[in-house]
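S.K.: What shape does this take:
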Amino acid sequence: MRIQLEEKRAWIARFFNDTGPTYDEVVHRFTLGIDRLWKKRMISELSSPKNLLDLACGTGILSFAIHEKYPDCNITGVDITEGYLAVAREKAKASGVNKISFICSPAEAYVSEERYDTVTTSYLPKYTDLPRLISNLHKMLIPGGRIIFHDFTYPSNKLLRLIFKAYFVCIGPIGGWWYPEWKEVLKELPRVIEKTAWVSELTEAMEAEGFVDITVNSLTLQGAALVTGRKT
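M.R.: The predicted model follows:
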């Protein structure tokens, strides 16, 4: 049974309302720095974007990394949590970046007259209505435009599942003590990852909208995946 959007929204509200100020630090520390490698892998999929949409941009980690490599690219960051966007806007102000704009909206509800050549997102797929999202993105993408989606996955290999579970058993108490505002996230996140089937749901939605060149790449001991595709 597919998880309803209301339940996914409830996860977002519980997990992210008060975690914006420490998000960058926690993501880096509790992925053991691998998040940076995943972001680099995503950026390696880009091809000189001119007008890019970064969904669930959060505090702008990926948005600013893309800007660093493609400073002339116009980037629109969209996120549902205003506290995260406040951090992102402060970063942009402090660094004098004016090529990134930030908008508060649920990803699947965002509709714009803008036409994008690329859509990126990291950690969003498990939290959104993928068929609705892909339908909207198909309308906003130019012909040949690409989507690059990344998120955690629950390993299919039994040994890797044991490693996955052991990892969260270890970091849960440590992270909850070090960052109390993250205690529930670190406790519930593995259950959310195990419960969702975003890769199959995403590829089905992409195929239904006529996307081509759909690829799925497993990352880091099956702990994450990268899905890409192109609008015909």
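
S.K.: rest of the way, CA atoms for contacts and neighbours
M.R.: OK.

S.K.: Could you identify the helix or strand that succeeds the longest strand anywhere in the chain?
M.R.: Ranked by number of residues, the top strand in the chain under DSSP state E is strand 141-152. Sequence order places helix 158-178 as the next helix or strand after strand 141-152, per DSSP states H and E.

S.K.: which residues sit against that following helix?
M.R.: F30, Y154, P155, W182, K183, E184, L186, K187, P190, L221, Q222, G223 (CA atoms under 8 Å, 6 or more residues apart in numbering).

S.K.: just to revisit the earlier point, quick check: which helices or strands does the longest strand of the chain pack against?
M.R.: strand 116-122, strand 224-230 (3 or more CA pairs under 8 Å, 6 or more residues apart in numbering; DSSP states H and E).

S.K.: any idea which of the ones you listed is most buried?
M.R.: Of the helices and strands packed on strand 141-152, the one with the most neighbours on average (mean count of other CA atoms under 10 Å) is strand 116-122, at a mean of 24.

S.K.: Check the offset of that strand from the chain's centre.
M.R.: 10 Å (CA atoms, centre = their mean, to the nearest Å).

S.K.: Can you list the strands that it pairs with?
M.R.: Strand 116-122 has its sheet partners listed here by DSSP bridges as strand 51-55 (parallel), strand 141-152 (parallel).

S.K.: contacting residues for I75?
M.R.: N51, L52, L53, D54, S63, H67, K99, I100, S101.

S.K.: Now do the SS call for it.
M.R.: The assignment at I75 comes out as strand when based on DSSP: H, G, I helix; E, B strand; the rest coil.

S.K.: Which among the helices and strands packed on strand 141-152 is found nearest to D18?
M.R.: strand 116-122 (19.4 Å; CA to CA).

S.K.: one step back: if any of the contacts of helix 158-178 are buried, give me the PyMOL selection for them.
M.R.: Command for PyMOL that selects the buried part of the contacts of helix 158-178, burial taken from 16 or more other CA atoms under 10 Å:
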select buried, resi 30+154+155+182+183+186+187+190+221+222+223
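
S.K.: mind listing which of the contacts of helix 158-178 are in helices?
M.R.: F30, K183, E184, L186, K187, P190 (DSSP state H).

S.K.: Quick check: the two most widely separated of those?
M.R.: Every pair of the ones in helices among the contacts of helix 158-178 checked by CA to CA; the farthest is F30 and E184, at 14.3 Å.

S.K.: end-to-end on stretch 140-160?
M.R.: Stretch 140-160 has its terminal residues 38 Å apart, counting by CA to CA, to the nearest Å.

S.K.: Please state the offset of that stretch from the chain centre?
M.R.: 9 Å.

S.K.: average pLDDT for it?
M.R.: For stretch 140-160, mean pLDDT is 98.

S.K.: Could I get the buried residue list for it?
M.R.: Applying 16+ other CA under 10 Å to stretch 140-160 flags 140-142, 145-155 as buried.

S.K.: middle-most residue in this protein, spatially?
M.R.: Nearest residue to the geometric centre of the chain (CA atoms, centre = their mean): S122, 1.9 Å.
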